[in-house]
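J.: Okay, sequence plus prediction incoming.
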Amino acid sequence: MKFVILYGTESGNAETVADDLVDELGTDNEVESVDMTDASAETLSPDALLLVVCSTHGDGGLPASAVPFAELLDTERPDLTGIRYAMFGLGDSSYETYSRGSERIDERLSALGATRVGEYGRHDASDGSLPNDAALEWARNLVGSLDEAQAVAR
Ligand SMILES: Cc1cc2nc3c(=O)[nH]c(=O)nc-3n(C[C@H](O)[C@H](O)[C@H](O)COP(=O)(O)O)c2cc1C
């Protein structure tokens, strides 16, 4: 399977999550990690499953590295029909806007025609756990559910 991990971060947590996902998935798959700041419409390919890892900053806003990507989607409005993606949001439930930054990316991708697959993963920083552990568990479950779906389709 081919994965593109697209991360949006302000203070680096989502980037370390992306690094761990590359290590986890890279043993059996082709995996590329891209900061949203460096992403273009071509980063989103129907040949790869897009894993979007994005935090929330300000009051429910996008993290700094996700802002150019959101602007690109808003201005270029690429047709994302055929693109499949899964979401993992980093946030803190002590904010009323828990995980809202990731949802802002999710809403844009789906409005442009992309299809979200699997469970919407989230990490809540208020419980003191590491986002990396939650993300690895999410990714293992995601890959397991995709493998099952493929086996059923065969
Ligand atoms: C100044 C600041 C504002 C934040 N605002 C929110 C917020 O509105 N909603 C939320 O769910 N989390 C919020 N968070 C929590 C971050 O999303 C969380 O710490 C995340 O792990 C940061 O990931 P990053 O280092 O990749 O940016 C905020 C954190 C900081 C430091």
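T.: Ah, there it is.

J.: Quick one: name the residues of this structure near the ligand.
T.: Selection of the chain residues close to the ligand by C-beta under 6 Å from any ligand atom yields 9-14, 55-57, 59-60, 63, 90-92, 95, 97-100, 125, 131. Bear in mind the C-beta positions are built from the backbone N, C-alpha and C, glycine included.

J.: In helices, which of those fall?
T.: Among the residues of the chain next to the ligand, the members falling in helices (DSSP state H) are 13-14, 100, 131.

J.: For ChimeraX, what selects the buried ones among the residues of the chain next to the ligand?
T.: In ChimeraX, this line selects whichever of the residues of the chain next to the ligand come out buried by 16 or more other C-beta atoms under 10 Å:
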select :9,10,13,14,55,56,57,60,63,90,91,95,97,98,99,100,125,131
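
J.: Contacts only, for Ser33.
T.: Counting by C-beta atoms under 8 Å, 6 or more residues apart in numbering, Ser33 makes contact with 4-5, 7, 18-19, 21-22.

J.: I figured Asn13 hits Ser129, correct?
T.: No. Between Asn13 and Ser129 there is no contact under C-beta atoms under 8 Å: 11.8 Å.

J.: between the contacts of Ser33, which is closest to the ligand?
T.: Tyr7 (7.5 Å; C-beta to the nearest ligand atom).

J.: Can I take it that the closest one is in a strand?
T.: Yes. Counting by DSSP: H, G, I helix; E, B strand; the rest coil, Tyr7 is part of a strand.

J.: That one contacts Ala64, doesn't it?
T.: No. Contact criterion C-beta under 8 Å: Tyr7 and Ala64 do not qualify, at 12.0 Å.
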